[in-house]
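Colleague: Starting from these lines, generate the structure:
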Amino acid sequence: MGHTANSIHSTAREHIAEHAFLAVMGQFIWQKNVLSDGEPMGVLRAEADNDGFDVLLSLEGVHRAVQLKTTSLDGRTSRYSINRKLARAPGGCVIVLIVDDAITLNHFLFLESDEAANAVDLDGYKSAKHTKGNRLGIKTERSGIATVPRGEFTKYESVGELAEALFGA
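Modeller: Sure thing, here's the model as predicted:
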């Protein structure tokens, strides 16, 4: 599938990638924790992105409000637009799912929370701009959205590494 098909079906592609991620992470936690008398991972999905996160993941008292993003393995995304409300969410963080054309998870990018604040700090980042101009052609600022460069994210090759970063699991 080329870039055009990925663009045309981007919402479906993102949902499939998110479900694949939750399944793989849930399976990893199940094998690591539950089979040795631990707890399974809790998953709460947000109906709307009003609070800056898509899903709340919980494991043994650790709660992570996660904003999920999806990017193609050969994608050229240099920055990500992050809802600033995520900074107020418990354990707020961002996970970018890097997928191939078959929507197979390849690796992950992770924007970690500030340990002291227990949430990602978005104060130092520029605000995003609207992609379309207003009636005068001016692209106005979106103050509620931070633009975070890809280089700020930590790369994790496996779900196990990401689970360790998320939960210390």
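
Colleague: contacts, neighbours, all on C-alpha from now
Modeller: Will do.

Colleague: what about this protein, any weak spots by pLDDT?
Modeller: 1-8, 113-119, 169 (pLDDT under 70).

Colleague: show me where it has strands.
Modeller: For the chain, the strands defined by DSSP state E cover 42-45, 55-59, 62-72, 79-83, 93-99, 105-111, 127-129, 141-149, 154-156.

Colleague: The fourth one packs against which elements?
Modeller: What it means is strand 79-83. strand 141-149 (3 or more CA pairs under 8 Å, 6 or more residues apart in numbering; DSSP states H and E).

Colleague: mind giving me TSV with the strands of the chain and columns for distance to H9 and mean neighbour count?
Modeller: Output for the strands of the chain, formatted as TSV (distance: least, CA to CA, whole Å; neighbours: other CA atoms under 10 Å):
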stretch	distance to H9	mean neighbour count
strand 42-45	21	13
strand 55-59	21	19
strand 62-72	13	21
strand 79-83	19	19
strand 93-99	14	23
strand 105-111	17	20
strand 127-129	24	19
strand 141-149	24	17
strand 154-156	26	16
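
Colleague: tell me how far the ends of stretch 34-47 are from each other?
Modeller: Its start and end residues considered, stretch 34-47 measures 28 Å (CA to CA, to the nearest Å).

Colleague: before we move on, what about stretch 120-139?
Modeller: Per CA to CA, the first residue of stretch 120-139 is 27 Å away from its last.

Colleague: Any buried residues in it, and which?
Modeller: 120-122, 126-129 (16 or more other CA atoms under 10 Å).
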